[in-house]
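> Fold the stuff below for me.
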Amino acid sequence: MGYLFVAMFFIIGVYLIYNAVKEFRFLLLPGIYFVILGIWWLIDELTPSIDITGGVFAWGIRGVSLVVLIITGAIYYFKYYKNRK
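Now for the predicted structure:
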């Protein structure tokens, strides 16, 4: 099941990066983030002796997720949503 998550994160990341190059530049940051998440889950699947999805490592990825969410939301709000009104 873990390899399904890896494939999903890589596919979503590459798709977002592809769309960022063509249309919306702000999709580049979440695309890179999803590729990093795919690498994170791949490392977790390949090294079962190390619990990379728990403990301090999990808090690190949650912190990175929060920063990416805030930055992406702010970019969307100030660049796209606010200009429509």
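> Is there a neighbour count for residue 38? I'd like the number.
Around residue 38 there are 20 other residues, counting by other C-beta atoms under 10 Å. C-betas here are computed from N, CA, C, even on glycine.
> Please, which helix or strand holds it?
helix 28-46 (DSSP states H and E).
> so what secondary structure elements neighbour that helix?
Applying 3 or more C-beta pairs under 8 Å, 6 or more residues apart in numbering; DSSP states H and E, one finds that helix 28-46 makes contact with helix 2-22, helix 56-76.
> So what touches that helix?
Applying C-beta atoms under 8 Å, 6 or more residues apart in numbering, the external contacts of helix 28-46 come out as 2-3, 5-10, 12-21, 50-53, 61, 64-65, 68, 71-72, 75.
> May I see the buried residues of it?
28-31, 33-35, 37-38, 40-42, 44 (16 or more other C-beta atoms under 10 Å).
> any chance of the residues you listed in CSV, with distance to residue 79 too?
CSV is the format used below for the buried residues of helix 28-46 (distance: C-beta to C-beta, whole Å):
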residue, distance to residue 79
28, 13
29, 12
30, 14
31, 17
33, 18
34, 20
35, 23
37, 24
38, 27
40, 28
41, 30
42, 32
44, 34
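> Spatially, which two of these are the most separated?
Farthest pair in the buried residues of helix 28-46 (C-beta to C-beta) is 28 and 44. Separation: 24.9 Å.
> Out of the helices and strands packed on helix 28-46, the one nearest residue 84 is which?
For the helices and strands packed on helix 28-46, proximity to residue 84 was assessed by C-beta to C-beta; helix 56-76 is nearest, at 11.1 Å.
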